[in-house]
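Chemist: A structural model of the following input is requested.
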Amino acid sequence: MELVTREEEIAVLTLTRGKVNALDESLVERLSKSLGHLASDRDIRAVILTGQGKFFSFGFDIPEFLGYSKESFIRYLTKFCNLYTSMFLFPKPLIAALNGHTIAGGSMLAIACDYRLMTSGKAKISLNEITFGSTVPAGSVEMLKYCVGHGNAQKILYSGAMYSADEARQLGLVDQICPPEALLGTAKQVAKDFAQRDSAAFRNIKGLLRGSVAQEMARKEKDSILEFVDIWYSEQTWNRLKGIQIHG
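Modeler: Got it, this is the predicted structure:
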C-alpha cells in the first residue's frame, strides 16, 4: 500500500492503494510507521511523498468507513490526525509530489509537507468536505492557515472548490507546477537542494516556524474529532456519504 525507494540520501514514499490511493486505517498506520523509520534513518536527509496513477489520494475511503461504528471511526480519525501532525513536524524536509488529483484527506497530507509540487494538466486539488456535508479536523485548519493565510483558508474551506494547479499555486496550496513526466525528477532535485542544508539547523528552524501552530493543533484536535464524528453520522451527511463512490 506504500512503497519506499531510496536514491542516495533521498527516500521516495509512494502511495499504492488501488486506483485512487484512498486512505483507510491500514494505510494510515503503514504511512506512520514508514515515516517513523525514515525520520530515524541517518542516511536519509529528505523524503518525497507521492502517489501512483492519476491520483495522489482521493482522501478517505468513504465506502469502507460507512461500515465503521462511531467508536471505530474516532479511533481512525485520531490516527489520521496524529499522522498529519507528525508530518507537519517531521524533522527532515518532506516534499509532496502531487502526481494527480489531491482531494480532502489527501490535501491534508499535502499541506503538512514543507514543499508541494503538482503536475500540470487535469489534476485538481481540493478540501471539498463542505460539499458533501462534512467538516474538517481542527489541525488541518491550522495547517492550512499556516500555508495559505487565514483569508485564503476561508475561501478554500467555505467553497469546497476543485482547483487546478495554476489556481492552487496562486492560493499558496502548491509551490511549483511541473509537466507529468518531469514531476518526480524535479521533486528529487528540490529534495536534494533541501538535503544540502545543515540538518540540525533545518530541524530547529522548522520547529521554531511550526511549533506554536502544532501546539494549537493539539489543543483543539480531540474536541474537533468528536465534532467531526457528530456531523459525519448526522442523517443529512450520512445520506450524502452513501451516494459517494470511488472510481479510478
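
Chemist: Not counting sequence-adjacent ones, nearest residue to the residue most central in space within the chain?
Modeler: Geometric centre of the chain, nearest residue: residue 109, 1.0 Å, by C-alpha atoms, centre = their mean. Nearest residue to residue 109 in three dimensions, chain neighbours excluded: residue 84, at 6.0 Å (C-beta to C-beta, 6 or more residues apart in numbering). Glycine gets a C-beta too; all of them are placed from N, C-alpha and C.

Chemist: Identify each buried residue in the top helix by length along the chain, please.
Modeler: When the chain is parsed with DSSP state H, its longest helix is helix 199-232. Buried residues in helix 199-232, defined by neighbour count with 16 or more other C-beta atoms under 10 Å: 199, 202, 206, 210, 213-214, 216-217, 220-221, 224-225, 228-229, 232.

Chemist: which other residues reach the helix or strand encompassing the residue nearest to residue 109?
Modeler: Taking DSSP states H and E as the criterion, residue 84 maps to helix 70-88. Where contact means C-beta atoms under 8 Å, 6 or more residues apart in numbering, the residues beyond helix 70-88 that reach it are 23-25, 28-29, 31-32, 35-36, 65, 68, 94, 105, 108-109, 112-113, 137, 139-140, 143, 210, 213-214, 217-218, 221, 225-226, 228-229, 232-233.

Chemist: OK, contacts around residue 229?
Modeler: Each residue near residue 229 by C-beta under 8 Å, 6+ apart is listed here: 70, 73-74, 77.

Chemist: Can you tell me which of the residues you listed is nearest residue 245?
Modeler: Nearest to residue 245, judged by C-beta to C-beta, of the contacts of residue 229 is residue 73 at 19.3 Å.

Chemist: Compute the number of surrounding residues for the closest one.
Modeler: Neighbour count of residue 73, defined by other C-beta atoms under 10 Å: 20.

Chemist: likewise the one 3 residues further on?
Modeler: Applying other C-beta under 10 Å, we find 20 residues neighbouring residue 76.
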